[in-house]
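Novice: Turn this into a model:
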Amino acid sequence: MPNVVEPKLIAGNSNRPLAKSIARRMSTHRGVHIDPVDARVERFNDGEIFVEVFENVRGEDMFIVQSTSNPANDNLMELLIMADALRRSSAQRVTAVIPYFGYARQDRRTKARTPITAKLVANMLVEAGIERVLTMDLHAAQIQGFFDIPVDNLYASPIFALDIREKFKDRMDEIMVVSPDVGGVARARELAKRINAPLSIVDKRREKPGEVAEMTVIGEVKDKICVMIDDMCDTAGTLCKAAELLLEYGAKEVHAYVTHGVLSGPAVERIGNSVLKNLVITDTIAAPPPVKDCPQIRVLPTAPLFAQAILNIWNGTSVSSLFETETMEPIYEGVFRS
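Specialist: Residues are numbered from 1 along each chain as shown. You can find the predicted model right below:
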């Protein structure tokens, strides 16, 4: 029997443009107009968050679209309070769509007397009444195991592969995929396999968080178009230094593909003054004006992928099928021509 409950979106304040894009894409797929649920997410004068949903959500399949990006604490509290409001309003199921999962870098104890904040956040989300999580490129894949509920972790590499094929279609034999650190080798290898390109690694040693001390290149990058891939770019120190190093080793040009453009502090200025030809990010985090105005930064849409994943979850069909090129090409038809 067909599912008579339509999927409904509700958006927090962290990334409303993405929520609206997902709704538009779902409208196209469903053939009916879908808008985020009418609600207000406001603050009292003392900074407390207040949520009020103006539509009936009883028995509905609800999807909260909210990245826990900067300001991470405010956006996380909004997500928890929205989940509580929906649960108390008798929603049938509450799914958190968290394009960028904040606190993911605190996934293990690296020294004594430190927290595992990613696990704490997972516990809070479950306690708030969230029954499923949909996210993209978790900083550490093991965070999926911190939850006792289903977690669907989407990947940006299929989107990047389509973009690389489109932008470098006449020069694919010159492409070299580069991991900017040893920890990201699996991600880089996955992209290299998709576009049938070789792989290099930049080995780095950090003196303290956010500062890179020493770097070397493992692999032959001479006369290659280097494409660095990473899950997030915070202050852009690593990327800019790695780009300079790759050019020193004889690379023709250097491009970077990063899922989450956190871009805090001096990041945009660094990228503008760097040797990077392009930094390609996705819209999992809403781009502020300085990011939009930087000619070297390009933003790829994730709404087609998230919309399809939401519809697959609602339908009870496979989400992992979205990792295949044959599935991705029709989803992104019109965005990439090839």
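Novice: Helix, strand or coil: sort out the closest residue to residue 89 other than its chain neighbours for me.
Specialist: Of all residues not flanking residue 89 in the chain, residue 57 sits nearest, at 5.0 Å (Cβ to Cβ, 6 or more residues apart in numbering). C-betas here are computed from N, CA, C, even on glycine. Secondary structure assignment for residue 57 (DSSP: H, G, I helix; E, B strand; the rest coil): coil.
Novice: Next, residue 91: secondary structure please.
Specialist: coil.
Novice: quick one: it from residue 57, how far?
Specialist: Residue 91 sits at a distance of 5 Å from residue 57 (criterion: Cβ to Cβ, to the nearest Å).
Novice: Between these two, which contacts overlap?
Specialist: Counting by Cβ atoms under 8 Å, 6 or more residues apart in numbering, no residue touches both residue 91 and residue 57.
Novice: out of these two, which sits in the busier spot?
Specialist: Neighbours were counted for residue 91 and for residue 57 using other Cβ atoms under 10 Å; residue 91 has more, 23 against 20.
Novice: Enumerate every residue touching the more buried one.
Specialist: Counted by Cβ under 8 Å, 6+ apart, residue 91 has contacts 57, 58, 59, 60, 61, 62.
Novice: residue ranges with poor pLDDT in the stretch 151-300 of the chain?
Specialist: 205-213 (pLDDT under 70).
Novice: Give me the number of neighbouring residues for the closest residue to residue 117 other than its chain neighbours.
Specialist: In space, and not counting its chain neighbours, residue 117 is closest to residue 106: 3.8 Å by Cβ to Cβ, 6+ apart. Residue 106 has 19 neighbours, counted by other Cβ under 10 Å.
Novice: State the distance from residue 106 to residue 143.
Specialist: 10 Å.
Novice: swap in residue 191?
Specialist: 21 Å.
Novice: And stretch 177-191, what's buried?
Specialist: Buried residues in stretch 177-191, counted by 16 or more other Cβ atoms under 10 Å: 177, 178, 179, 180, 181, 184, 187, 188, 189, 190, 191.
Novice: So what's the residue count around the nearest residue to the fifth one once chain neighbours are set aside?
Specialist: Sequence neighbours aside, residue 204 is the residue nearest to residue 181 in space, at 5.5 Å (criterion: Cβ to Cβ, 6+ apart). Residues lying near residue 204 (other Cβ under 10 Å) number 18.
Novice: Quick check: residue 204 touching residue 239?
Specialist: No. Checked against Cβ atoms under 8 Å, the pair residue 204 and residue 239 is beyond contact range at 10.9 Å.
Novice: intersection of neighbour lists for these two?
Specialist: residue 180.
Novice: And the helices in the stretch 51-200 of the chain, which stretches?
Specialist: 72-88, 117-127, 157-167, 185-195 (DSSP state H, counting those that start in this stretch).
Novice: With distance to residue 31 added, can I get those in JSON lines?
Specialist: Shown next, in JSON lines, are the helices of the stretch 51-200 of the chain (distance: least, Cβ to Cβ, whole Å):
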{"stretch": "helix 72-88", "distance to residue 31": "26"}
{"stretch": "helix 117-127", "distance to residue 31": "32"}
{"stretch": "helix 157-167", "distance to residue 31": "25"}
{"stretch": "helix 185-195", "distance to residue 31": "32"}
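Novice: closest to residue 326 out of those?
Specialist: helix 157-167 (10.4 Å; Cβ to Cβ).
Novice: Export only the CA atoms of the closest one, formatted as CSV.
Specialist: As requested, the backbone C-alpha atoms of helix 157-167 are provided in CSV (Å, rounded to 0.1, in the frame of the first residue of the first chain):
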residue,chain,number,x,y,z
SER,A,157,33.0,12.7,-3.6
PRO,A,158,30.5,11.6,-6.2
ILE,A,159,29.5,15.3,-6.7
PHE,A,160,33.2,16.2,-6.9
ALA,A,161,33.9,13.5,-9.4
LEU,A,162,31.1,14.8,-11.7
ASP,A,163,32.5,18.4,-11.4
ILE,A,164,36.1,17.3,-12.1
ARG,A,165,34.9,15.4,-15.2
GLU,A,166,33.1,18.5,-16.4
LYS,A,167,35.8,21.1,-15.6
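Novice: Tell me which residues are up against that helix.
Specialist: The contact list for helix 157-167 (Cβ under 8 Å, 6+ apart) reads 172, 175, 187, 190-191, 194-195, 227, 229, 257, 280, 282, 300, 302, 305, 322-325, 328-329, 332, 335-338.
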